[in-house]
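*Asks:* have a look at this prediction, sequence included:
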Amino acid sequence: MLLDLNDYRNDMKRCARCSICKWPPLAQMKSWRFSQNCPAISRFNFHAYSGGGRMALGLALAEGKLDETDEELSNIVYRCTACGACDSSCKYNSELEVLWPIYATRARLVGAGCFREEHGPIIESLRREDNPLMKSKSERGRWAEGLDVKDLSKGGQAEVIYHAGCLYSFDPELSKVARETVTLLRSAGVEVGIRGAQESCCGSMAFQLGFQGEFIKFAESNIDDWNALGAKKVVTSCACGFGIMKAVYPLLGKKMKFEVVHISQYLDELIREGKLRLSKKIPLRVTYHDPCNLGRKSEEYVPWKGTEKKVLGQLIVREPEKTVHRGWEGVYDPPRDVIRAVPGIKFVEMERIREYAWCCGAGGGVKTTMDDFALWTAGERIAEAQSVGAEAIVTACSWCERNLKDAAAAQGKKMQVLDIVELVKQAR
Amino acid sequence: MALAKDIYQQLEAVVGPENISGSSAVLWSYMYQPFGNIKGVWAEIMPEAVLLPKSTEEVVAVAKICNRHHIVFKAMSTGWGIHNLPGVKGAIVLDLRRMNRILEIDEKNMFAVVEPSVICMQLQVETLRKGLNCHIIGAGSNTSVLASATSVVGYGPDGLSMGFSGRNLLGVEWVLPTGEVLKLGSLGSGDGWFCGDGPGPSLRGILRGWEGAWGGLGVITKCAVKLFHWNGPAELEMKNAQPNYTIKEPLKYFRASLFNFPSLEKLGEAAYKLGESEVGYFISRLSPAFVGLQMAGGMNFVRLWESGMPQQMLKYAFLFVIFANSEGEFAYQQKVLEKILEETGGEASPLAETEEMQGLTATSVIKVDAVTRSCFRSAGGFNTSFGAMDTIDMAMNQVRAGTVLKNQYIQKGVLMEDGGDNSATLVFDQGHLAYTEVLLMYDNHDEKSTAGAMAYLADSNQACLKQALGTPIFQLSQVGTGKHGLFSPACFHYDKWQKEIKKAFDPNNTGDPTAYTEPEHKK
């Protein structure tokens, strides 16, 4: 199994309880208004909701001080978008894991049979329909109807396979992004194939909710299928898929004969190579929202396995030395470069960006099961975009786009939300 | 003893159901408190509930309920350290996290009014925009402005130019343990926040004395603090230099230098002269270990330490920063500094001279953002000793005593090897006050190491008494009820006064006595 809470005991018991996990890296704080980094502690306020508080709860569970059946524990554990902002902030000053103990706590609850009622239908949908959205898998490839694209479910192979992801496949408003992606790739001369009705979930939702067995099934199946289809490159618009494929799939030990590429990276490459030319002016003041799974959570995760020893009296050192995942190696510049390549556009940054970006609020199963919390979090992001005078938020993740759009509508905020693919399509 | 249902309901009616919890999951998260803990990371006594009041009115209402039912309550802001928890059974915690507003920044009169959970970095980013800066304590900018000004210590190395939190305190709004609201300084006479001493009642000595009441004497709900001139840009843009964030553009008229001296006497002499000259923005003793841990962790630190380079270059060293207002002033301060170095034999370490280190040092002295790196990540457990505020000579004596004593425990293998002299902070208020605290790192999950650290702290307390080195920082609050007895005879029996204050201000005994005092002597 990937997630064992006991693997993180040393991290959890060495939290300094300094609350740095509650803020963006202190040197990067720019104003009081946008000085928080964690949606959960910002919304619910008890220390338990912070990264440090979650470490304490994980430790209490591991030491038997708390019982998995505690109802409030379940509320706390799942009122978290698992965005990893706490983890990035903590690692500025330490080498402790914060996000993975959060995942492992969820897996511990699930392993004890203490999953939440509302997660049942999601997992059931994954098992039966290969998606977490309670949609029929027979409808999965419909988004591509009428497109001139190779459907690999009908046979054949492709070096470049486009993985649309669940939300882009099934959400009627967002599926145009998948269509536009294929059209753009084709127009740039890319021979792209899709898996049509045979495409399945990346497993991210199962992983984030703590159902690691389900996740492993999806991940292994996807890797096998892409290998069998001769893929050299798997391109996805789904940031959640990208993040899990980059950070977690490699831990399964299966050979991945393909490179995983996010569409923002691919578009950036095609624009640089002159294969995609953007000529239409878009006179819009836009900002960019970093999806957590494309940014800080897409770094390949190298779990530390080794021994600790003491030198210089009580100084604790690890053998081998630990790979520290600070979130700095995520995909940050390609989407920004794509936006800057659009003629006429005025690009402005928000205060919380890159590895310390504020989450949109949709992650970790929150959008599906606690929409009010998801919308509140997105509302904070929209306010931040408004504070820099943006007319539109560009993003590169279906869940971010869905949630930001829903929040703007629900809260009556005048803010366009654009997928980066839509922006490029408009500029063609 | 769980809170009686009717009492819980009364408290819930004040703060709302979303803002009170007695669930074990929530409470266990508060029980995790490694700093200051005598053993391990968990507190021994679980509070009955945690409340999140939003306003002074809610704090007053909660306090009155507690008085009616004889329930002990204790407030926390950022909650870093075991002293934030009540140490008696049946108590409740007021987590003031929702009281987090900067209420006012008065540019003309150079002060800010804050609620308890505003952290130093939040205040600083807002004040820099207005050409003002705020004192940040040595523990870091992740700490509460109000807590250090009103309730707990308040030192920081930028205190050379920006004072000491206790002295920067102006008007105060204080909810007494009884639930009455007392306004101190000019606020008490309805004249605003600008002065801590009047017109109106000046009770700073009672409110915080030397070290603070550590949350044991009611709840301070608002306070004003002095601000200081800032001559840098309105916003400090950062660049990434893994694992650090450093200031992107070099600051004008800014220079950070690490100076090493031939002896501790010469270092002290230089500190006196710098204070008398009223130059500099920041000064701090920086031990070889502290600097090394800022630069490297794990085996990289070990290799650095075993090279002997930091010990050799920084044996008797301090970090000194000039941050002047003009080219002329910068040149003047440099000239003064050079003269003092010449007189005291101080030499600049090349360690701080690179552009990279200038940027890194500028960030860390202005933002105070990397303290946990040096203190907590090496062994997990961290504590501090000595540290009474007095003269520079006294500070040097604290270093000497601490080094000798700590080395004995390092030899036993129970503390991390840091050369013994791991002292921090130096001069405040342009030389009028000084202290150093002697830091120690140990493994708080190793019984032998923890016991060794506690024995060292007990011995260091004795050293303070026997060598007349003043009352040690943090130790009074950490060792539990009755600890004042140790220092009381040597310090004019101050605890008798404390107990009288406790009786007068807290007749129903609802303030947590653990880090402050009991109303009566216990045998």
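*Replies:* Structure's in. What do you need? Residues are numbered from 1 along each chain as shown, chains lettered A, B, ... in the order given.
*Asks:* spatially central residue in chain A, please.
*Replies:* Centroid-nearest residue in chain A: residue A:293, 2.5 Å away (criterion: Cα atoms, centre = their mean).
*Asks:* now do the SS call for that one.
*Replies:* coil (DSSP: H, G, I helix; E, B strand; the rest coil).
*Asks:* quick check: closest non-adjacent residue to it.
*Replies:* Among residues not flanking residue A:293 along the chain, residue A:243 sits closest, at 3.0 Å (Cβ to Cβ, 6 or more residues apart in numbering or on different chains). Glycine gets a C-beta too; all of them are placed from N, C-alpha and C.
*Asks:* and residue 330, what does it touch?
*Replies:* In the absence of a named chain, this looks at chain A. A:290, A:294, A:295, A:296, A:297, A:298, A:299, A:354, A:355 (Cβ atoms under 8 Å, 6 or more residues apart in numbering or on different chains).
*Asks:* actually, chain B is the one I wanted.
*Replies:* B:253, B:255, B:322, B:324.
*Asks:* just say helix, strand or coil for it.
*Replies:* helix.
*Asks:* for residue A:418, same thing?
*Replies:* Per three-state DSSP, residue A:418 ends up strand.
*Asks:* burial of the residue nearest to residue A:293, as a residue count?
*Replies:* 30 (other Cβ atoms under 10 Å in any protein chain shown).
*Asks:* the one 3 residues further on too?
*Replies:* By the criterion of other Cβ under 10 Å, residue A:246 has 22 neighbours.
*Asks:* picking up where we left off before, tell me which element the residue nearest to residue A:293 is part of?
*Replies:* Following DSSP states H and E, one finds residue A:243 within helix A:239-247.
*Asks:* please name every helix or strand in contact with that helix.
*Replies:* Applying 3 or more Cβ pairs under 8 Å, 6 or more residues apart in numbering or on different chains; DSSP states H and E, one finds that helix A:239-247 makes contact with helix A:204-209, strand A:233-236, strand A:259-262, helix A:398-410.
*Asks:* at 10 Å what do you get?
*Replies:* Using 3 or more Cβ pairs under 10 Å, 6 or more residues apart in numbering or on different chains; DSSP states H and E, the elements in contact with helix A:239-247 are strand A:160-163, helix A:166-170, helix A:204-209, helix A:212-228, strand A:233-236, strand A:259-262, helix A:263-272, helix A:398-410.
*Asks:* so what touches the fifth one?
*Replies:* Just to be clear, that refers to strand A:233-236. A:158-165, A:168, A:181-182, A:185, A:190, A:192, A:202, A:222-223, A:226, A:241-243, A:245, A:256, A:258-263, A:265-267, A:398 (Cβ atoms under 10 Å, 6 or more residues apart in numbering or on different chains).
*Asks:* how far away from the center of its chain is it?
*Replies:* Relative to its chain's centre, strand A:233-236 lies at 16 Å (Cα atoms, centre = their mean, to the nearest Å).
*Asks:* please name the nearest non-neighbouring residue to residue B:230.
*Replies:* Distance criterion Cβ to Cβ, 6+ apart; nearest residue to residue B:230, sequence neighbours excluded, is residue B:133 at 3.9 Å.
*Asks:* now do residue B:384
*Replies:* Going by Cβ to Cβ, 6+ apart, residue B:384 has residue B:437 as its nearest residue, at 4.6 Å.
*Asks:* wait, that neighbour touches residue B:388, no?
*Replies:* Yes - counting by Cβ atoms under 10 Å, residue B:437 touches residue B:388, with 9.3 Å between them.
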